[in-house]
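Undergrad: please work out how this folds:
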Amino acid sequence: MRILIAIQGHYGQRIVDAVKKYGPSDWEVNSYTFPATLPAIIDDPEPFLPRELPQADLLISLGEHQGVAQMIPDMVQRSGAKAVIAPADDRTWLPPGLAKQIKGKLERMGVDMVYPVPFCSVAEKDSQNQHIREFAKHFGRPELEIAFELENIKQVKVLRDAPCGSTRYVAEGLVGVWERDAVEKSGLLHHQYPCLATMVKDQEFDDTLMHRGGLMTKLAVEKGIKEAKGIKSD
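TA: Numbers count the residues shown, from 1 in each chain. Below is the predicted model:
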């Protein structure tokens with residue numbers, strides 16, 4: 001699968017690095033970096049986009065400015081992408097109204113788009129598009145396999161990593177931890193990575209997106225423990 005990731009700074013670069021390092025070896029991952037400063041409204045993408053972008057099956061838009069999101073349809077046209085993941089780890093980067101507008105435009109172009117909030121909540125069930133599902137098989141809502149030695153964690157295998165790579169950091173930090181401390185410890189490790197999602201309260205969830213990301217990790221640990229103990233998950 002060919003992936004093009006649009007970024008602006010450290011937030012996106014960390015995800016690019018994680019996808020390149022931990023994704024399947026047959027994935028071709030390219031990135032395009034936008035300027036840190038963009039106009040509030042992008043009337044003409046020409047000053048900010050090259051005439052040609054690397055050809056892609058999947059476009060992932062990780063801009064830290066609404067202007068990058070506004071250029072998603074242009075990036076799709078130039079890369080040939082057939083699917084888009086446009087997450088919001090900060091709603092100011094891609095507000096719901098703008099996401100809906102872009103999604104509608106892409107649908108008219110025959111391109112599927114998902115809008116995970118935060119990025120680490122994306123799952124295979126969110127789309128029927130093969131490229132989105134292929135990405136979400138490896139990156140998205142964390143999934144772990146946990147093994148114990150008596151009451152302490154002996155090993156943690158990452159079955160699905162958060163796009164930023166934080167799940168692997170959490171997994172390493174849980175080795176040797178007492179079972180009853182593991183879920184709480186995983187939340188602390190997630191924040192220490194650190195999670196770069198916003199700490200501003202989100203109206204949809206009545207919680208911050210950083211806390212939502214931490215919850216995804218804690219639920220993965222809780223599920224991994226139950227499965228290791230032979231307890232049926234809800």
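Undergrad: the residue lying closest to Ile85 once chain neighbours are set aside: what secondary structure?
TA: Among residues not flanking Ile85 along the chain, Ile60 sits closest, at 4.8 Å (CB to CB, 6 or more residues apart in numbering). Glycine gets a C-beta too; all of them are placed from N, C-alpha and C. Counting by DSSP: H, G, I helix; E, B strand; the rest coil, the backbone at Ile60 sits in strand.
Undergrad: what pairs with Ile60 across the strands?
TA: Beta bridges link Ile60 to Ile5, Ile85 when assigned by DSSP bridges.
Undergrad: all helices for this protein, in order.
TA: Applying DSSP state H to the chain gives helices spanning 10-22, 66-70, 72-79, 96-108, 130-138, 166-174, 182-192, 209-228.
Undergrad: neighbouring contacts of the fourth one?
TA: Contacts with helix 96-108, where a contact means CB atoms under 8 Å, 6 or more residues apart in numbering, come from 66, 69-70, 72-73, 76, 84, 86, 88, 112-113, 115, 204.
Undergrad: and the helices of the chain: which comes nearest Tyr32?
TA: helix 72-79 (7.7 Å; CB to CB).
Undergrad: the closest one: which residues count as buried?
TA: By neighbour count with 16 or more other CB atoms under 10 Å, helix 72-79 contains the buried residues Ile72, Pro73, Asp74, Met75, Val76, Arg78, Ser79.
Undergrad: will you turn the contacts of helix 96-108 into TSV that also has pLDDT and distance to Arg212?
TA: Formatted as TSV, the contacts of helix 96-108 follow (pLDDT from 0 to 100; distance: CB to CB, whole Å):
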residue	pLDDT	distance to Arg212
Gln66	94	21
Ala69	96	20
Gln70	96	25
Ile72	98	23
Pro73	97	28
Val76	98	28
Val84	98	21
Ala86	98	17
Ala88	97	11
Asp112	98	23
Met113	98	20
Tyr115	98	14
Glu204	94	10
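Undergrad: can you name the two of those residues that sit furthest apart?
TA: The largest separation in the contacts of helix 96-108, counting by CB to CB, is between Val76 and Glu204 at 26.0 Å.
Undergrad: how many residues are close by Phe119?
TA: For Phe119, the neighbour count with other CB atoms under 10 Å is 26.
Undergrad: same check on Val170?
TA: By other CB under 10 Å, 29 other residues sit near Val170.
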